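the sequence and its predicted three-dimensional model are supplied below.
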Amino acid sequence: MIPTLLIANRGEIAIRVARTAAAMGIRTVAVYTADDAESLHLRHADLAVELPGRGVAGYLDIEALVAVARDEGCDAVHPGYGLLSESAEFAGACRSAGLIFVGPEPEVLARLGDKVAARELAKAAGVGVIEGSGVLESVEDARDFLLAQGGAPVVLKAVSGGGGRGMRVVRDVSQVEAALAQARAEAEAAFGADGIYGERYLHPVRHIEVQIIGDGRDVTHLWERDCTLQRRHQKLVEIAPAPALDEDLRAALLDAAVAIGEAVRYRGIGTVEFLVETERDEFHFIEVNPRIQVEHTVTEEITGLDLVALQLQIADGSSLADVGLADGPRLPRGMALQARVNCEVIGLDGSVRPGHGRLDVFSPPSGPGVRVDTYGYPGYAISPMFDSLLAKVVVHERSGELGPLLTRAGRVLSEFRVEGAGTTLPYLEALLAREELADWSVDVGSVDRGLVTELAQDDELIAKEAQTDEPVAAPVLPEGVSSLKAPMQGVVHSVRVAPDEDFVAGQELVILEAMKMQHVVSAHGPGRVLDLLVAPGDLVADGAALVSYEPRAEEVTDASVAETQDLDAIRPDLAALNDRLALTLDENRPEAVARRRARGQRTARENVEDLCRGGTFHEYGQLVVAGQLRRRSAEELREKSPADGIVTGLGEVNAGLVPVGAAQVAILAYDGTVMAGTQGMRGHMKTDRLFEIAERRKLPVIFYTEGGGGRPGDVDFADIMRCALDVTTFHVFARLKGRGPKIAVNSGYCFAGNAAIFGAGDIRIATRNSWIGLGGPAMIEAGGLGSFDPKEIGPAPMQAEIGLVDILVEDEAEATEAARRAMSYFQGPVADWEAADARELRHVIPENRLRAYDVRAVIDGLVDRDSFLELGRAHAPGMITGLVRIEGRALGLIANNPHHLGGALDAPASAKAARFLRLCAGFRLPVVSLCDTPGFMVGPESEAQGGVQAACDFLSAGAELTAPLFFVCLRKGYGIGAQAMAGGSFETPDFNISWPTGEFGPMGLEGAVTLGFKRELDAEPDETARKALFDRLVAESYEKGRALNIAALQEIDAVIDPVDTRSWIVKGLNAAL
């Protein structure tokens, strides 16, 4: 990487470059002229060197700049923007001195810097240009070009440089001489070259520019910016990406820009600028700015890239692949706006005058999505010798919507406090509030055609700009007279008292305006007004005297007293909020609720209210509506898409049963009454926001998932996404891990994206009237797979049998109760519990070892009364899994089912056990394993079901357990199957114990005898005798493998009375505390 960098610029761009260089470990050298020694950029470099000369001319001294770079050991030079940034001569001088010029080669700069040559380049690349001239050597040349347009106006432009300088529009021959002289003078002052050429003046047009980057071999784009809002060819506001731009036109602009860059094998950062005819959607190339732009900020905000860092990396030899751009740009995120704050004052006629002065107050705005690039600071004196740009206010709106972006940017600008020098802040704030901007029906002439005059004559703006005038002087008051002091600098809005008027403590006397807010200045005590020292409209300083008065020791009884505050009064703003919120509530949506009732279902809000019974719920995003403002009115969307079809928030589940902290749960519920419960883009934003909170605070989640998947009609996002495959909802939900599980609950149709959410739940609950599938009827039919009724797709009973649904219930009330109950096992112990008579356990296992029994009876007798919540009852009947409590403490439980395959572990049983053990492992839930298995199921049919894979997954899941595992053998414990029930080995559990009915062996007794004594059995010709031999050998094996005998060999820890099982488990839990 470059060791030392000279920054050949000043002000905010010099600071911008220095910051990135510092972050990259690059030493920086700044330069300044004597009359610019107070500029803040000096403090951001490691070293600052004074240049000879003054003003802009000092920064244009190529020889001096190269000398500084050489003397200070610099390896590279960053030219910033403006000044010498496009100078081929400067780039050449750097190369000759052995310095890296951070930008294109001198030859490329020369070719692109000559706007006439650049036009020819564009034409050769197949990109349209505006009809234009060569270099205009004389007034006559300019007149001839104007006359050749047949009465149409022309624009004179600088051959070198850009940024709107050296540009004049000419509509009449009489204007040619003066316009040419002005354009030449401005170009010479700004760029050190006075060459001018002409173009036909197009209007109405938008100004769109494309950011490109190249490595000298390959070129790509970093999307476009809209720079249409201009005053006298000077950009005021830039937005990326360009709003209200046809997608085909956008693609054509991007391709054209890349083609021009490829034509010169462009290296570095650059901008290709176009004019787009608003009435015909045709575009024309105008110029290439082979440097970083003032407005590069908005591109950085929507791409997340550091363009200065990219410049330095490319200059140091990196390729596009090296900087992560081999495959082109990433999709833009949201929309960003930059407003240029200049030290200028707008006259009543729209004229502009410098707003120079010393910054008494300089307080830029801040906050999420707000960026201010500036070199201003309190006490800095604005010099008329340099560009009037003081700051760039950049606002990023994640939604990508223009309306919210304009509103937010206007608010941010209103928070920018600058006093001591006139600025364009009030003007910009008012500009962004203009109706014309709402749908971006503007062109490059909109501001100059009278908009600037309208804004300049706005009374509110005049009042705001008056805040930079000299404050009112404070008079000297006689002894015994006090004065009411201004608590801040501001403009007097009104005076609420008159001379000789009595007042009481706390009474309003004066109201000041500051920062667009009215501030009441009240009396500290009683008194009588002597004189008013200010009048409405006066600018007053902090601490200035407002009213002189004679203090009174006693309260004045006849003065106006403040009215008693009605604490129950509803203010208009609160009433408006209440009205808007009411639109989202069930009681104000009777038709939607009636449709819900007709299907036998509850509403999303009813489910959430029931879930949080006894607790609270705070909703996030209740006022959000669907992203369809381009096709529906805001009023219709508020009616048709309340909350964008998803209720999200934080609630308390099982309040009163568990501590307050443990009761906190992130709750989401798709609303089936809103656009069929489909997932809207803003709904995704709400979901992702709540997931972010849940992940940060490690909250469990309960999600009601009913809905039809992604919603294709949210056209408000069409400009920034096509496939929406960068939506993070599914990834983040799958990744979420809190202190409790993700519980998915469904009633009704659940297709596509909604099904993806349901399936990612740790515990999945569904009503019988649920239908769950990765695609709904429309998607299935569109894929050519046939036409189906939605009730033919994934019915809940079927999904329960194959393991997708863990708990199958009758209705939403039961589903909500099941969700509450399931969550409780992860919220800590409960104090109230009862146990069955443990003596019953002695009689559950039949004495006949070949007789099956109900293992659920064992479970019910072992755990706290009514505490067994079985998961997956309809699936894989050979394995029973569920959540239980013992003495109020939660555990997971797995048990073999002797009623299915004699307890043998088939593939579904193994897979079910593996998933459940991972659930317990994820939340360090202790596990009780009740074993009664002859081992893993074998045979061709079992292998066809994936028996080996499922068995190994079961063993792997056991190995992942870190919480206590308690192994209890009820009867059979044979082979690897028994080991799997013990976590992989009898050495794995915290204890491995057996009831007296337990029996063990490396495989099933019958199979062991058949294999181990095959020769003896085959040698017995008599079938009766052979069976008697077989039975005797099995009995002998059984006797050797009885629990009592195995315990004697220390292969298990103990044989216990079934009555003592609970106490063993409690002891194990206590030992693990």
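Yes, it's here.

please count neighbours and contacts with C-alpha atoms only from this point.
Fine.

residue 300 - nearest residue in space that isn't next to it in sequence?
Once flanking residues are discounted, residue 300 sits nearest to residue 306: 5.9 Å by CA to CA, 6 or more residues apart in numbering.

what's the burial count for the one you found?
14 (other CA atoms under 10 Å).

from residue 210, how far off is it?
16 Å (CA to CA, to the nearest Å).

count the neighbours of residue 246 for me.
12.

my bad, residue 587
Neighbourhood size, residue 587 [other CA under 10 Å]: 11.

how about the one 5 residues further on?
Counted by other CA under 10 Å, the residues lying close to residue 592 total 16.

that one in helix, strand or coil?
Following DSSP: H, G, I helix; E, B strand; the rest coil, the label given to residue 592 is helix.

leaving out chain neighbours, which residue sits closest to it?
Nearest to residue 592 is residue 673, by CA to CA, 6+ apart, at 5.8 Å.

same thing with residue 429?
residue 410 (4.9 Å).

what's the strand or helix carrying the one you found packed up against?
In this structure, residue 410 sits in helix 402-414 according to DSSP states H and E. When contacts are defined as 3 or more CA pairs under 8 Å, 6 or more residues apart in numbering; DSSP states H and E, helix 402-414 packs onto strand 335-342, strand 389-397, helix 425-432, helix 435-438.

just the angle for the third one relative to strand 335-342, thanks.
Pointing back at helix 425-432 there. If you take axes from the mean of the first three to the mean of the last three CA atoms, to 10 degrees, helix 425-432 sits at 150 degrees to strand 335-342.

then helix 425-432 to PDB, C-alphas only?
Below are the C-alpha coordinates for helix 425-432, written out as PDB (Å, rounded to 0.1, in the frame of the first residue of the first chain):
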ATOM      1  CA  LEU A 425     -29.700  25.900   4.700                       C
ATOM      2  CA  PRO A 426     -33.200  27.500   4.900                       C
ATOM      3  CA  TYR A 427     -33.400  27.600   1.200                       C
ATOM      4  CA  LEU A 428     -32.500  23.900   0.900                       C
ATOM      5  CA  GLU A 429     -35.000  22.900   3.600                       C
ATOM      6  CA  ALA A 430     -37.800  24.800   1.800                       C
ATOM      7  CA  LEU A 431     -36.700  23.300  -1.600                       C
ATOM      8  CA  LEU A 432     -37.000  19.800  -0.400                       C
END
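
quick check: mean pLDDT across it?
Here helix 425-432 scores 93 as its mean pLDDT.

try the shortest one
Averaged over helix 435-438, pLDDT sits at 91.

and if you look at the first one?
Strand 335-342 comes out with an average pLDDT of 97.

what strands line up against that strand, and which way round?
strand 234-240 (antiparallel), strand 389-397 (antiparallel) (DSSP bridges).

ok and the first one relative to helix 402-414, angle-wise?
Counting by the same axes, to 10 degrees, strand 234-240 points 130 degrees away from the direction of helix 402-414.

which residues are contacting strand 234-240?
If you take CA atoms under 8 Å, 6 or more residues apart in numbering as the criterion, strand 234-240 is touched by 163-165, 223-230, 295, 298-299, 302, 335-340, 428.

centre of the chain to that strand, how far?
Centroid separation for strand 234-240 versus its chain: 25 Å, with CA atoms, centre = their mean, to the nearest Å.

again, but for the last one
Strand 389-397 has its C-alpha centroid displaced from the chain centroid by 20 Å (CA atoms, centre = their mean).

ok, and what's touching it?
Residues from elsewhere that reach strand 389-397 (CA under 8 Å, 6+ apart): 12, 297-298, 301-302, 334-343, 369-376, 404-405, 408-409, 412-413.

are any of the residues you listed buried, and if so which?
By neighbour count, with 16 or more other CA atoms under 10 Å, the contacts of strand 389-397 hold 12, 297-298, 301-302, 334-343, 370-376, 405, 408-409, 412-413 as buried.

tell me the pLDDT of residue 168.
84.

er, residue 390 I mean
Looking at residue 390, the pLDDT reads 95.

buried set for the helix or strand hosting residue 952?
Here residue 952 sits within helix 947-959, counting by DSSP H and E. Neighbour counts over helix 947-959 (16+ other CA under 10 Å) mark 947, 948, 950, 951, 952, 953, 954, 955, 956, 957, 958, 959 as buried.

residue 282 is nearest to which of the strands paired with strand 335-342?
strand 234-240 (19.7 Å; CA to CA).

what comes into contact with the helix or strand just after that closest one?
Using DSSP H and E, the helix or strand that follows strand 234-240 in sequence is helix 247-263. The contact list for helix 247-263 (CA under 8 Å, 6+ apart) reads 121-122, 125-127, 210, 212, 214, 217-221, 223-224, 272, 281-283, 719.

those residues in strands, which ones?
The members of those that map onto strands under DSSP state E are 210, 212, 214, 219, 220, 221, 223, 224, 272, 282, 283.

and the pLDDT at the fifth one?
What that stands for is residue 220. 97.

residues in contact with whichever strand or helix holds residue 309?
Per DSSP H and E, residue 309 falls inside helix 307-315. Helix 307-315 is contacted from outside by 1-2, 17, 20-21, 24, 100-103, 214-215, 267-269, 292, 296, 300, 320, 323, using CA under 8 Å, 6+ apart.

stretch 217-227 too?
So stretch 217-227 is contacted by 206-214, 235-243, 254, 257-258, 261-262, 265-267, 298-299, 303, 320, 325, 328-329, 332 (CA under 8 Å, 6+ apart).

need the pLDDT of residue 249.
95.

just residue 114 next, same as before
Among the per-residue scores, residue 114 holds a pLDDT of 84.

would you agree it is in contact with residue 159?
Yes. Using CA atoms under 8 Å, residue 114 is in contact with residue 159, at 5.3 Å.

and those two? which has more neighbours close in?
Between residue 114 and residue 159, counted using other CA under 10 Å, the more crowded position is residue 159 (28 against 21).

how about the contacts made by that one?
113, 114, 115, 116, 135, 194, 195, 196, 197.

quick check, nearest of those residues to residue 72?
Taking CA to CA as the measure, residue 72 lies nearest residue 113 of these, at 29.3 Å.

helices and strands of this structure: which one has the lowest mean pLDDT?
When each helix and strand of the chain is scored by mean pLDDT, DSSP states H and E, helix 459-465 comes last, with a mean of 53.

next structured bit after that helix?
Using DSSP H and E, the helix or strand that follows helix 459-465 towards the C-terminus is strand 482-485.

tell me which residues are up against that following strand.
With CA under 8 Å, 6+ apart as the test, strand 482-485 has contacts from 523, 542, 543, 544, 545, 546, 547, 548, 549, 550, 551.

circling back: Throw the strands paired with strand 335-342 into JSON lines and include distance to residue 611, thanks.
Output for the strands paired with strand 335-342, formatted as JSON lines (distance: least, CA to CA, whole Å):
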{"stretch": "strand 234-240", "distance to residue 611": "44"}
{"stretch": "strand 389-397", "distance to residue 611": "34"}
